[in-house]
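1. mind looking at a prediction? Sequence and model below.
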Amino acid sequence: MNVCKACGEPIEWIRTPSGRSMPVDAESFGLHRLCHGMTVVTEAGTVLCGTRYARGTMQGYIPHWATCPQADQFRRQGMTS
Ligand SMILES: [Zn+2]
């Protein structure tokens, strides 16, 4: 199992269609209600952004940078798989 280097929470790496790996909360897979400013990543790596897509309920993961208390820190340092 992968863990976030900053906060120690379990994460998964999802590969997006553009070939990038995105850290997501391992426990967060399920149905999420998209709203303004919220992003969900599907298992296929498609990023669904609540500001660009119609609001509704989507199945996927929550990006870890949305919940990590140290998000600012690892954004600065960068994360690698
Ligand atoms: Zn974290």
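-> It's in. These numbers come from a predicted model, not from an experiment.
2. give the next helix or strand downstream of the strand or helix carrying Val24.
-> Element membership for Val24 (DSSP states H and E) is strand 21-25. Downstream of strand 21-25, the first helix or strand assigned by DSSP H and E is strand 30-34.
3. dump the residue contacts of Leu31.
-> By C-beta atoms under 8 Å, 6 or more residues apart in numbering, the residues touching Leu31 are 57-59. Bear in mind the C-beta positions are built from the backbone N, C-alpha and C, glycine included.
4. list the beta-bridge partners for the residue nearest to Thr67 when sequence neighbours are not counted.
-> Leaving aside its sequence neighbours, Thr67 sits nearest to Asp25 (C-beta to C-beta, 6 or more residues apart in numbering; 5.8 Å). Per DSSP bridges, the residues bridged to Asp25 are Ile11.
5. which residues touch Asp25?
-> Asp25 neighbours (C-beta under 8 Å, 6+ apart): 9-12, 61-64, 67.
6. get me the contact residues on this structure for the ion.
-> Residues of the chain found near the ion, taking C-beta under 5 Å from the ion as the criterion, are 4, 6-7, 68.
7. got the residues you listed as a markdown table, with secondary structure and neighbour count columns?
-> Formatted as a markdown table, the residues of the chain next to the ion follow (DSSP: H, G, I helix; E, B strand; the rest coil; neighbours: other C-beta atoms under 10 Å):
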| residue | secondary structure | neighbour count |
| --- | --- | --- |
| Cys4 | coil | 21 |
| Ala6 | coil | 18 |
| Cys7 | coil | 15 |
| Cys68 | coil | 21 |
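8. and which of the contacts of Asp25 is nearest to Cys35?
-> Nearest to Cys35 out of those is Ile62 (C-beta to C-beta; 12.7 Å).
9. would you agree the closest one is in contact with Ser28?
-> Yes: assessed by C-beta atoms under 8 Å, Ile62 is found in contact with Ser28 at 4.1 Å.
10. residue contacts, the residue nearest to Trp65 when sequence neighbours are not counted?
-> Excluding the flanking residues, the one nearest Trp65 by C-beta to C-beta, 6+ apart is Ala71, at 4.7 Å. Going by C-beta under 8 Å, 6+ apart, Ala71 touches 6, 64-65.
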